[in-house]
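[1] Structure here, sequence nowhere to be found:
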Ligand SMILES: [Zn+2]
C-alpha cells in the first residue's frame with residue numbers, strides 16, 4: 001500500500017517541473033532539532049510568554065538574547081538529514097522548484113536548495129529595530145548582548161516572534177508559489193497555524209496534487225491532502241527520490 005503511494009508520488013514529481021515543498025518542524029527533528037512546542041523543545045525551558053513575544057523582546061532584549069544564543073547554538077550544531085538532501089537533489093534534477101519553510105534553521109539551504117522562502121524568518125539574519133538595516137549573523141559581534149546596529153539600535157533575528165506579522169515579501173512569494181504549482185509536498189507540518197495553513201489550500205484550489213508526509217494524520221489529511229505518506233520524512237523522501245531517479249532512466 002505505502003509502496004504504491006511512494007511510486008504514485010514519484011510519478012507525480014517526475015512528470016512535473018512545478019513541485020513545491022512546504023515544510024515544518026517535523027522535517028528537522030531527524031537533524032536533532034526537537035519541535036520547539038513539543039516534548040524536549042525550547043519552550044519547555046523558556047516560557048514563550050517571557051521569551052518569544054515581540055513585547056518581551058522590546059521589554060528586555062538582553063534576557064531574550066540569552067534564549068536566542070542557546071537556540072542559535074542548537075541550530076548551528078545541526079546538519080541536514082536525508083529528507084533535506086532528497087529535496088535538494090530533486091531541485092537539481094529540475095523537479096522541485098522551491099521550498100517554503102516554516103523553519104528558521106537554514107538546513108534547506110545547507111542541503112543545497114537555492115529557492116527557499118523562509119516564512120518565519122531566519123536565525124542567520126539580524127535586523128535593526130530602529131533603522132531596519134540587516135546583517136548576516138557572522139558579521140555581528142555577539143560578545144555583549146543584545147548586539148547593536150551601527151546606529152546603536154537593538155538587533156533582533158529576522159525570526160518571527162509571537163505578535164509579529166509574516167514578512168510581506170515571504171508571504172507574497174509563498175502565495176505565488178502555491179498558486180502556480182502542480183504538486184505540493186507538505187512535509188513535517190500539520191499546517192494548522194494561520195496564515196501558513198492557507199498555503200496548501202491555495203495550492204489545492206489551483207489544481208495541485210497535495211501529498212502529505214507526516215508521522216501522524218493531521219487535519220490536512222482529511223480535508224486537503226490527496227494522499228498521505230505516513231512515516232519518517234527522511235526514509236520517505238529518499239524512497240521518492242529513488243523512484244524519480246528510476247523513472248528518469250527509463
Ligand atoms: Zn540601525
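    Right, received. Where do you want to start? What you see is a predicted model, and the numbers here were worked out from it, not measured in a lab.
[2] Spatially, and excluding backbone neighbours, which residue is closest to the most centrally placed residue in the chain.
    For the chain, the residue nearest the mean C-alpha position is residue 101 (2.4 Å; CA atoms, centre = their mean). The shortest distance from residue 101 to any non-neighbouring residue, by CB to CB, 6 or more residues apart in numbering, is to residue 23 (4.6 Å). Just so you know, the C-beta spots here come from the backbone N, C-alpha and C atoms, and that holds for glycine as well.
[3] now the residue nearest to the centre of the chain: how far from residue 189?
    9 Å (CB to CB, to the nearest Å).
[4] In the host helix or strand of residue 55, which residues are buried?
    Using DSSP states H and E, residue 55 sits within helix 54-59. Judged by neighbour count (16 or more other CB atoms under 10 Å), helix 54-59 contains these buried residues: 54, 56, 57.
[5] what distance separates that helix from the middle of the whole chain?
    24 Å (CA atoms, centre = their mean, to the nearest Å).
[6] Go ahead and name everything in contact with it.
    The contact list for helix 54-59 (CB atoms under 8 Å, 6 or more residues apart in numbering) reads 49, 50, 63, 64, 129, 156, 161, 162, 163, 164.
[7] Weed out the non-buried ones from those.
    64, 156, 161.
[8] Endpoints of stretch 150-170, how far apart?
    26 Å (CA to CA, to the nearest Å).
[9] Show only the entries of the contacts of helix 54-59 found in strands.
    Residues of the contacts of helix 54-59 located in strands (DSSP state E): residue 156.
[10] Tell me which two in the contacts of helix 54-59 are the farthest apart.
    The largest separation in those, counting by CB to CB, is between 49 and 129 at 20.0 Å.
[11] Go through the helix or strand of the chain with the lowest mean pLDDT and flag the buried ones.
    Lowest by mean pLDDT, DSSP states H and E among the helices and strands of the chain is helix 42-45, with a mean of 90. Buried residues in helix 42-45, counted by 16+ other CB under 10 Å: 42, 43.
[12] How far off centre is it?
    20 Å.
[13] Mutual contacts of residue 101 and residue 189, please.
    With CB under 8 Å, 6+ apart, residue 101 and residue 189 have common neighbours 22, 23, 24.
[14] The first one touches residue 187, doesn't it?
    Meaning residue 22. Yes: judged on CB atoms under 8 Å, residue 22 makes contact with residue 187 at a distance of 7.1 Å.
[15] Looking at the two, which is more packed in?
    residue 22 (28 against 25; other CB atoms under 10 Å).
[16] on that earlier part again, can you tell me how far the residue nearest to the centre of the chain is from residue 80?
    Residue 101 is 12 Å from residue 80, by CB to CB.
[17] can you check residue 138 too?
    Distance from residue 138 to residue 80, by CB to CB: 19 Å.
[18] So which of the two has more stuff around it?
    Shown here are residue 138 and residue 80; by other CB under 10 Å, residue 80 has more neighbours (24 against 7).
[19] Wait, the more buried one touches residue 106, no?
    No: shown here, residue 80 and residue 106 do not form a contact pair, counting by CB under 8 Å, at 9.4 Å.
[20] Contact residues of the chain facing the ion?
    Remark: the part of the chain in contact with the ion comprises 128, 130, 131, 133, 149, 151, 153, using CB under 5 Å from the ion.
[21] Would you state the helices of the chain in chain order?
    2-15, 42-45, 48-51, 54-59, 61-76, 82-92, 107-111, 168-179, 198-205, 219-223, 233-249 (DSSP state H).
[22] Those helices: which one's closest to residue 145?
    It's helix 61-76; of the helices of the chain, that one is closest to residue 145 (CB to CB) at 4.1 Å.
[23] Fine by me, thanks again.
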